[in-house]
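Trainee: Prediction below, plus the sequence it came from.
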Amino acid sequence: MAAGGFCKLPSGSVVVALNLPSPGSAGGFVRVLVLAQNRARALTRLRNLGLRAVYLRGNAAPPTPDEITAVLHHPDGLIWRTAPESTGQELSQELWHPIRALLRQKTAQA
């Protein structure tokens, strides 16, 4: 379930959505949204935060309109929440978290 995708906005910027393995011990996935000028810069933002093995192959799971709205209204333009267990399942009702919260979980596990 390492799906991801992107959506180009009318302003020219891009919202990239990725399902990444959760740093927690649960072994689930998290859905990460990144707002950037292009796809390469979005992936670079994640790699600069320590998520080195992040790639976007294809556009199998692009961000939904609700996800785009969420990332546009966040000051950092970089948010996450727990991903659903299966691709057919509705998106989580969990609130979006700033990426700092995910990185704190990652360092706490190390």
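Mentor: Ah, there it is.

Trainee: Next, find the distance separating R52 from A36.
Mentor: Remark: distance between R52 and A36 (CB to CB, to the nearest Å) = 17 Å. Glycine gets a C-beta too; all of them are placed from N, C-alpha and C.

Trainee: Those two - which one has more neighbours?
Mentor: More crowded of R52 and A36, by other CB atoms under 10 Å: A36, with 19 against 8.

Trainee: okay but that one is in contact with G12, surely?
Mentor: No - A36 sits out of contact with G12 when judged by CB atoms under 8 Å, with a separation of 10.8 Å.

Trainee: so what's the residue nearest to V16 when sequence neighbours are not counted up against?
Mentor: Counting by CB to CB, 6 or more residues apart in numbering, V16 lies nearest to A42, which is 4.0 Å off, once chain neighbours are set aside. Contact analysis of A42 by CB atoms under 8 Å, 6 or more residues apart in numbering lists 6, 14, 16, 34-36, 56.

Trainee: Neighbours of T82, how many?
Mentor: 16.

Trainee: what are the bridge partners for it, then?
Mentor: Note on T82: beta-bridge partners by DSSP bridges are V30.

Trainee: how far away is it from S13?
Mentor: From T82 to S13 the distance is 26 Å (CB to CB).

Trainee: does the residue most central in space within the chain sit in a helix, a strand or a coil?
Mentor: Of all residues in the chain, the one closest to the mean position by CA atoms, centre = their mean is V32, 1.2 Å from it. At V32 the chain is in strand, as set by DSSP: H, G, I helix; E, B strand; the rest coil.
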